[in-house]
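Visitor: Take a look and give me a structure for this.
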Amino acid sequence: MKYIKTLSLSALALLAVSCGNKSEEKAEATQAQEKVQVKIAKVTSADIPQTETYTATVESDVKNNIAPNASYRIEKIYVEVGDQVRKGQVLVQLDASSMQQMKLQLENQKVEFGRTEQLYQVGGASKAEYDNAKMQLDVISTQYKQLVENTQLLSPISGVVTARNYDNGDLYSSGAGPVLTIEQTNPVKVMVNISEEYYKKVYKGMTVDIALDAYKGETFSGKVTVVYPTIDVATHTFPVEVTISNSAQKVRPGMFARATVNFGSINHVLVPDEALVKQIGAGDRYVYVYKDGRVSYNKVELGQHIGANYEIISGVEPGDEVVIAGQARLANGKEVEVVK
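Guide: As a prediction, the model looks like this:
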């Protein structure tokens with residue numbers, strides 16, 4: 001009887017060991033089944049142009065406001081908005097009624113001076129009388145010239161009329177707004193504020209691509225003409241003036257522009273769009289990097305979107321393998337099974 005009892009205990013022990021082995025095997029099988037199946041891709045690097053795009057408004061290269069230096073009645077305005085004008089062209093004639101009297105005085109003084117000069121040459125007038133007659137002629141000539149200049153407004157530049165604020169017969173009051181505005185539209189310019197990190201990379205003569213909303217799909221070429229020497233302490237940017245040749249007069253002041261500046265190329269990693277994971281509740285981006293059967297959850301800094309890839313500034317190295325499918329069930333350090 002004792003023998004049978006001992007045998008029964010041994011059998012139970014063997015049964016327990018057998019069950020334990022089966023449980024371990026089952027756990028191992030379950031663990032193997034829990035491995036997430038993923039697809040991976042090896043990342044590459046490339047020389048990527050480092051470009052930045054800035055918004056701006058087109059401005060005329062030169063802008064002049066035309067107005068008399070005193071109060072006058074406007075007799076005639078010879079141009080309309082949109083007219084092309086040349087340098088030195090008469091744009092506005094002001095009331096010149098006072099010129100007739102001044103012109104008569106000038107003619108009389110010329111006659112008087114001529115008479116005095118003849119007498120002086122034959123000894124009939126003194127040097128003092130000659131000098132006084134010449135001085136009077138010079139004074140009246142200067143006054144008449146100033147009056148002519150003040151009653152005719154000339155264009156100081158070649159350009160286009162962009163504003164007309166008065167009509168014929170209006171009275172211009174000294175200190176009021178301009179009668180006309182003339183702008184030089186060939187060339188034109190845009191002003192962009194560039195981050196100080198690029199200060200050493202911007203130089204005069206540098207090419208800048210200009211896109212305009214008014215001309216979809218067309219690119220205009222600009223050149224950096226002025227690089228301002230100071231940095232704004234609030235924005236940490238510096239102004240750059242870009243000039244655009246405009247002989248065809250297509251680009252107009254006031255147009256909305258996008259200026260794209262190329263700061264050279266840097267060798268950076270490219271990863272497929274499918275590899276990127278956005279952290280819930282934040283704007284951070286991550287990728288799962290595969291190595292030796294496990295994945296790591298790497299935060300990345302994005303650069304430009306290029307085709308079906310993103311430029312990665314940091315977080316992934318050339319030659320790394322990243323998960324491009326199966327991320328939904330992954331976690332940092334998790335074992336995975338790679339499938340084709």
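Visitor: for the stretch 201-340 of the chain, what spans make up the strands?
Guide: 207-212, 219-227, 237-244, 256-272, 277-278, 285-291, 294-306, 309-314, 321-325, 336-338 (DSSP state E, counting those that start in this stretch).
Visitor: between the ones you listed, which gets nearest to Gln50?
Guide: strand 256-272 (4.5 Å; C-beta to C-beta). For every residue, glycine as well, the C-beta is placed using N, CA and C.
Visitor: In its sheet, which strands sit next to that closest one, and in what direction?
Guide: strand 44-57 (antiparallel), strand 207-212 (antiparallel), strand 309-314 (antiparallel) (DSSP bridges).
Visitor: centroid residue for the chain?
Guide: Residue closest to the mean C-alpha point of the chain, counted by C-alpha atoms, centre = their mean, is Tyr54 at 3.4 Å.
Visitor: circling back to that earlier point, in CSV, list the strands paired with strand 256-272 along with mean pLDDT.
Guide: Shown next, in CSV, are these (pLDDT from 0 to 100):
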stretch, mean pLDDT
strand 44-57, 92
strand 207-212, 97
strand 309-314, 94
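Visitor: out of the ones you listed, deepest packed?
Guide: strand 309-314 (a mean of 19; mean count of other C-beta atoms under 10 Å).
Visitor: so Val261 touches Ile210, yeah?
Guide: No: applying C-beta atoms under 8 Å, one finds Val261 not in contact with Ile210, separated by 10.5 Å.
Visitor: SS state for the closest residue to Asn165 other than its chain neighbours?
Guide: Sequence neighbours aside, Gly177 is the residue nearest to Asn165 in space, at 5.5 Å (criterion: C-beta to C-beta, 6 or more residues apart in numbering). Assigned by DSSP: H, G, I helix; E, B strand; the rest coil, the conformation of Gly177 is coil.
Visitor: Report how many residues lie close to Gly177.
Guide: 12 (other C-beta atoms under 10 Å).
Visitor: Distance check, it against Asn150.
Guide: Computed as C-beta to C-beta, to the nearest Å, the Gly177 to Asn150 distance reads 18 Å.
Visitor: which ones are touching Val316?
Guide: Contacts of Val316 were listed using C-beta atoms under 8 Å, 6 or more residues apart in numbering, and they are 43, 269, 271, 287, 289, 298, 300, 322.
Visitor: What are the boundaries of the helices in the stretch 101-250 of the chain?
Guide: 127-151 (DSSP state H, counting those that start in this stretch).
Visitor: With distance to Thr230 as added columns, please give the strands paired with strand 256-272 in CSV.
Guide: Formatted as CSV, the strands paired with strand 256-272 follow (distance: least, C-beta to C-beta, whole Å):
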stretch, distance to Thr230
strand 44-57, 18
strand 207-212, 20
strand 309-314, 29
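Visitor: where does the helix or strand that Ile40 is a member of sit relative to the chain's centre, distance-wise?
Guide: Take DSSP states H and E as the rule and Ile40 turns out to sit in strand 36-42. Distance of strand 36-42 from its chain centroid, counting by C-alpha atoms, centre = their mean, to the nearest Å, is 42 Å.
Visitor: What residues of it count as buried?
Guide: Neighbour counts using 16 or more other C-beta atoms under 10 Å place 36, 38, 40-41 of strand 36-42 among the buried residues.
Visitor: In this structure Tyr310 contacts Asp273, no?
Guide: Yes: under the criterion of C-beta under 8 Å, Tyr310 makes contact with Asp273 at 6.5 Å.
Visitor: For Lys216, which phi and psi angles does the backbone take?
Guide: phi -60, psi 130 (degrees, to the nearest 10).
Visitor: so how far is Val92 from Thr260?
Guide: For Thr260 relative to Val92 (C-beta to C-beta), the value is 42 Å.
Visitor: higher neighbour count, the two?
Guide: Each of Thr260 and Val92 has its neighbours counted (other C-beta under 10 Å); Val92 has more, 25 against 16.
Visitor: Tell me if that one really is in a strand.
Guide: Yes: using three-state DSSP, the assignment for Val92 is a strand.
Visitor: That'll do, ta.
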